[in-house]
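>>> generate coordinates for the sequence data below:
(one chain, ligands or ions: 1)
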Amino acid sequence: MAVAEYLRRVFPGTAEEYFRRAEEAMLAGRRLFVVTANPEIIMAAERDGTARELLLSGKTEVIPDGVSLVKAMGFFHMPAAERITGVDLADKLLQSAGAHGKSVYLLGAKEEVVSALAEKLRAQYPGMKLRWHNGYDGDKDQLMGEAAALAPDLVLVGLGVPAQDILLYRHLEKFQKGVLMGVGGSFDVLSGMKRRAPSFFIKTNTEWLYRILREPSRLGRFYRSNVRFLGRVRKEAKTALKP
Ligand code: UDP
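Model (predicted):
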């Protein structure tokens, strides 16, 4: 599958526009599955049929959570306004859910991380109905079934890409409503246990560099997905330009 086929599905507007869209779905009780796409999930789609299907499915919406996706869209003349990060979208949706007394289900991260986030949310939004489970114990399929039975307005799954998105997609039909999204390591940041990159890195689109500097073990993963992704984009863009 050509990378351009996946990029065609990516929301090209601003982060604020997408937040409004997702918030509206949440408040209106519609189901919305948001995939925060980065090179890692697009490269995973090469070897995993479910990852491929969920990126292309009409049942999902895809946002560009990676500067290389935004750049690649430019290469293919599909201009995108900006990067839309999963962590910011999740944060805003949590705020809105809290302000409107909505129900939230969190799955993922270490027990101390997800319970710290739950405590923080409870203190901030006493009206929020909140359930959570860490991402290490228990059967994930069973947990998704339990989550679906609660019919939450917002479901955030932080297990890493693409496992979280594949899990959500496999259980999607059990949910009649709710904004569902994979959020990677967002719980670590939103709980306050891990620091987000300083604003300099965010503004200059080099948050990936900060994360590698803080956790050098990320370098291999970054290299494998990003370098391969950009290589594919260049090759496809060149072929497209040939008469
Ligand atoms: N995680 C989990 N269960 C697992 C493996 C990972 O809950 O079996 C969590 C991990 O604690 C972290 C998140 O998944 O909170 C993945 O974070 P990472 O920063 O690697 O994801 P990214 O944002 O880079 O996709």
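>>> ok, how many other residues are close to the closest residue to residue 73 other than its chain neighbours?
Closest residue to residue 73 apart from its sequence neighbours, by Cβ to Cβ, 6 or more residues apart in numbering: residue 80 at 4.5 Å. For every residue, glycine as well, the C-beta is placed using N, CA and C. Counted with other Cβ atoms under 10 Å, residues neighbouring residue 80 total 20.
>>> tell me if residue 80 really is in a strand.
No: going by DSSP: H, G, I helix; E, B strand; the rest coil, the assignment for residue 80 is coil, not a strand.
>>> quick check: the nearest residue to residue 65 once chain neighbours are set aside vs residue 139, distance?
Of all residues not flanking residue 65 in the chain, residue 36 sits nearest, at 3.8 Å (Cβ to Cβ, 6+ apart). Distance of residue 36 to residue 139, computed by Cβ to Cβ, to the nearest Å: 25 Å.
>>> so for the two, which sits in the more crowded spot?
residue 36 (25 against 9).
>>> and the pLDDT for that one?
pLDDT for residue 36: 98.
>>> ok but it is inside a strand, no?
Yes: per three-state DSSP, residue 36 lies within a strand segment.
>>> contact partners for it?
63, 65, 84-86, 89, 181-184 (Cβ atoms under 8 Å, 6 or more residues apart in numbering).
>>> partner residues bridging it?
For residue 36, the beta-bridge partners under DSSP bridges are residue 63.
>>> quick one: buried residues of stretch 41-57?
Using 16 or more other Cβ atoms under 10 Å as the test for burial, stretch 41-57 gives 41-45, 50-52, 54-55, 57.
>>> so that stretch, near the ligand or not?
No: using Cβ under 6 Å from any ligand atom, stretch 41-57 never reaches the ligand; the gap is at least 8.9 Å.
>>> neighbouring contacts of stretch 71-84?
In contact with stretch 71-84 (Cβ under 8 Å, 6+ apart) are residues 3-4, 7-8, 10-15, 17-18, 36, 63-67, 69-70, 205, 229-230, 233-234, 236-237, 240.
>>> how far out from the middle of the chain is stretch 148-162?
For stretch 148-162, the separation from the chain centroid amounts to 11 Å (computed by Cα atoms, centre = their mean, to the nearest Å).
>>> repeat that for stretch 128-142.
The chain centroid and the centroid of stretch 128-142 are separated by 17 Å, computed with Cα atoms, centre = their mean.
>>> now stretch 56-69
Relative to the mean C-alpha coordinate of its chain, stretch 56-69 is positioned 9 Å out (Cα atoms, centre = their mean).
>>> point out where this protein drops to low pLDDT.
In the predicted model, the chain carries pLDDT under 70 at residues 241-243.
>>> quick one: the strands in it?
Using DSSP state E, the strands of the chain run over 31-37, 60-64, 103-108, 129-133, 154-158, 178-182.
>>> relative orientation of the fifth one and strand 103-108 in degrees?
Strand 154-158 and strand 103-108 meet at an angle of 10 degrees, taking axes from the mean of the first three to the mean of the last three Cα atoms, to 10 degrees as the criterion.
>>> flag every residue of this structure that's near the ligand.
Counting by Cβ under 6 Å from any ligand atom, the chain sits next to the ligand at 108-110, 135-136, 158-161, 184-185, 187-188.
>>> for the protein, which residue is closest to the average position?
Residue closest to the average C-alpha location in the chain (Cα atoms, centre = their mean): residue 36, at 3.3 Å.
>>> that's all I had, so thanks and see you.
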